[in-house]
Structure formats: C-alpha cells, structure tokens
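**Q** Provided below are the primary sequence and the corresponding predicted coordinates.
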Amino acid sequence: MALNLTQQIFETIKKSNHILVTFPKNWNGDAIASSLALRSILKKINKPIVDIACDGFNAPKNYSFLREAGEIKPAISNLRNLIINLDLSENEIGKVHYNKIGNKLNIYISPEHRNIDTKDLSATLSNYKYDLVIVLDSPDLESLGNVYHKNTDFFYSTPIINIDHSPANEQFGQINLVEVNSTSTAEILFNFLNSLNSNLIDEDVATSLLAGMISETRSFKTPSVTPRALNIASQLVARGAKREEIIKNLYQTKTIGTLKLWGRALMRLKSDPSAKIVWSLLTRDDFITSGAEEEELPEVIDELISNSPEAEIVVLLYEVPHTNSNETRICCLVKTLKNVNAENLLARNTEGTKDFRKFYLNDKKLTEAEHEIIDEIKINLTIKK
C-alpha cells in the first residue's frame, strides 16, 4: 500500500540524520516560529544535527522569547570537505603542515620512507553536510536568497520537503505538503506533528506554533481564519502555549520609536480603492525624530495592512542615506496580498519574493518616486488585466 503524505515525510525524516531547516530571506513571524517548533521536534526524535538558516537573518527582539530563537543562522557554510587521499600501502607519513601564500594554500606531506609519487595522490569531495532540507513558508527556492543561490548544487542534490500554505507555491520539493486552506505554516505543522505523535508537542513547541498562527493571522483578524484554526489554537493553549506572552511580545512591547514611525506612516497613508493599492511615505527626518530603525519597517507594513483590509497591494517609500554620502536615495517596498504577484507589477530590476519586492531609486525626491512607482504599478495592473 502506498504511503500517504504524512507517512512519506516521516519516513524521509527517519532516514535522515543531518537536517537543514530554512525559510525565505524576507521572512515573517510564521516562518520563524514554525522553524523553531520543527527544530525542537526533530531534536526530540534524536536527529543529531538540525540547523536553521535564513539569508542574512538577525533575530528580531520581539521573537527572542521563543526558545532557541538565537540559534537561527544567517547563512550556511562548509557544506562539503575536500578529501585528499594518499596511498600508504608502501609508505608512512612523518609530518603534515600547510601555509597560505597569496590566494593559494600549500599542503606539505613529508613521507617516512620513499618519496611520494603524484600517482599516489587523489582528491575527492565529501558528501554534503546535510542529507535533508525542509523548506518552510516559501513559494519557491529563489525566495531563500543566498542560502539557495550560493548553494544551488546542494539543493539539486539533496531531498527537499516543502511545507507551505501559499497558493503561489511552486511545488519544488520531492515531497510537497502545501495546504492552501490553512491559515499558516504553523497550522500545517501542528496537524503533521499531531498525527505523528501528539506527545511531542510540549509547552515550548505549542508556544512557537501558536506564535506562528497569531503572527500570520494578525491575532486571528484576517479573513483566512477558520473554525479549524481557532480549534487548533485552543488545543495549543491547552498544551501549555503561552498566549499572553506571545501577545505581549508581538503586540504590546512596541518601542516608542516604532509607535512614532507608525503614526508618521498612517498620517501620510494614501489609497486608490479602484486599484486596491495603499501607500505611504517616510522621510529621513521621520527616522531621526522617532529614533526608529529600518529593521522596524515590516511592522509598519503590517500596520498599513491592518488599517486597509481591502488592499491587495501595499507600497512603502522611504529615504535612506547613501553609503559614504550625506545625500539620500529612495527605497521602495512592495508587499502584495491575495496571490497578487509583486514582480509583475514593476518594470525594473527588483529583489525579493513573489509577494514582496525591494528596490532603490537614485536622484529622485520622495514625491517624485511616489508618482513614478504608483503610476507604474497601476499601468502594469491594467496590462495584466
């Protein structure tokens, strides 16, 4: 009898020892919390190595309450070792040392007996450090940023389990657990883990999964929330999930600087209901006056989304200083909802994922950039229709 999807995932995990868990460069709270919950479970079932990596990741303060949040790495490295093989059937090694001259590494092998012949030497690459990749909350591999782009051979050579809830998911894994009717990746993980062994979901795992669900649904306020999701949330609370601590850290511990930046963005909030676009502007002075940092902008975008429930496209333009210059340039963030592809809305080079793009404009004033980008998006929306 053929294995069902849950059984396929479990059997694949059971055969693996060294597992990499990863999620998109432009992460969200669901991805962070789900990865931590999954890592905890994998360690419980005695997997010797379970690493989490996200391109350029720097743990946000409001998620530091989750167990081992500081263990998420900003990159993966040392995936393979170079193995130098030397035939010792007729010889022994006396000394081995090395030095680096310029960009070259020289390895010196001193034999005990006869001279070493080059035919006695060979070199091979070891197996990859990880024998399984689990990708969470990502529509495609490109969204992983440099974790993928700098290690493409590794991803093509290693089994991938793809777990996501987005309709835009490209089914890129050898095993794809994609449930578009779920509110979050955390909800999917709960169902998988619960069917695997419900006793594995302890207080820390339950807290991480509930944090993922709360983050993705903005505390169960999005239209995607279902009775099933609410039932899962109640089960997680019953298993020890610290709901009050989650709410406190995600929603009640904003810095004064973040709140001031929210106020500035909301004060300048503009919209085009017919195109379902909302946008706002932030000057360099807004950051200086509020004391907020650029890293706090995802929360500003979330606030814009919360205040514009009908919007499908959210745009934030803000001034950033040029490197080694007193001048500023404009950074633009475009976030799309309801399966709108952000990349198709822009006729320029951008970076990011299908639902989040980032790019810069030079030699533009903020209002000039505003008109250019909003008009460009509207034109491309018309074309796509």
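**A** Looks like it arrived, so ask away.
**Q** helices of the stretch 1-150 of the chain, residue ranges please.
**A** For the stretch 1-150 of the chain, the helices defined by DSSP state H, counting those that start in this stretch cover 5-15, 29-44, 146-149.
**Q** and the protein, what are its domains?
**A** 5-75+129-250, 82-125, 256-384 (automatic domain parsing).
**Q** and F154, how many residues sit next to it?
**A** 18 (other CB atoms under 10 Å). No exception for glycine: its C-beta is placed from N, CA and C like everyone else's.
**Q** helix/strand/coil for it?
**A** Under DSSP: H, G, I helix; E, B strand; the rest coil, F154 falls in the helix class.
**Q** picking up where we left off before, can you tell me which of the domains of the chain is most buried?
**A** domain 5-75+129-250 (a mean of 19; mean count of other CB atoms under 10 Å).
**Q** now stretch 47-58: mean pLDDT?
**A** What stretch 47-58 shows for mean pLDDT is 93.
**Q** how about stretch 258-270?
**A** 89.
**Q** coming back round to it: least confident of the domains of the chain, on average?
**A** domain 82-125 (a mean of 82).
**Q** so how far is that domain off the chain centroid?
**A** 42 Å (CA atoms, centre = their mean, to the nearest Å).
**Q** can we start the residue count at 59 from this point?
**A** Noted, 59 is the first residue going forward, which turns the last one into domain 140-183.
**Q** quote the end-to-end distance of that domain.
**A** Distance between the two ends of domain 140-183: 5 Å, counting by CA to CA, to the nearest Å.
**Q** residues touching I388, list them.
**A** By CB atoms under 8 Å, 6 or more residues apart in numbering, I388 lies in contact with L375, Y376, E377, V378, Y418, L419, N420, K422, L424, A427.
**Q** walk me through which strands the host helix or strand of it pairs with, and which way each runs.
**A** Per DSSP states H and E, I388 falls inside strand 386-394. Its sheet considered, strand 386-394 pairs with strand 371-379 (antiparallel), strand 414-419 (antiparallel) by DSSP bridges.
**Q** a markdown table for those strands, including distance to N249?
**A** A markdown table is the format used below for the strands paired with strand 386-394 (distance: least, CB to CB, whole Å):
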| stretch | distance to N249 |
| --- | --- |
| strand 371-379 | 30 |
| strand 414-419 | 26 |
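**Q** go through those and name the closest to H223.
**A** Smallest distance to H223 across these (CB to CB): 15.9 Å, for strand 414-419.
**Q** can you tell me what sits against the closest one?
**A** By CB under 8 Å, 6+ apart, strand 414-419 touches 84, 378, 387-394, 400-401, 403-404, 406-410, 427, 430-431.
**Q** what strand or helix carries S329?
**A** Here S329, judged by DSSP H and E, is contained in strand 328-330.
**Q** can you tell me what sits against that strand?
**A** Under the criterion CB under 8 Å, 6+ apart, residues I335, V336, W337, S338, S366, A369, I432, K436 lie in contact with strand 328-330.
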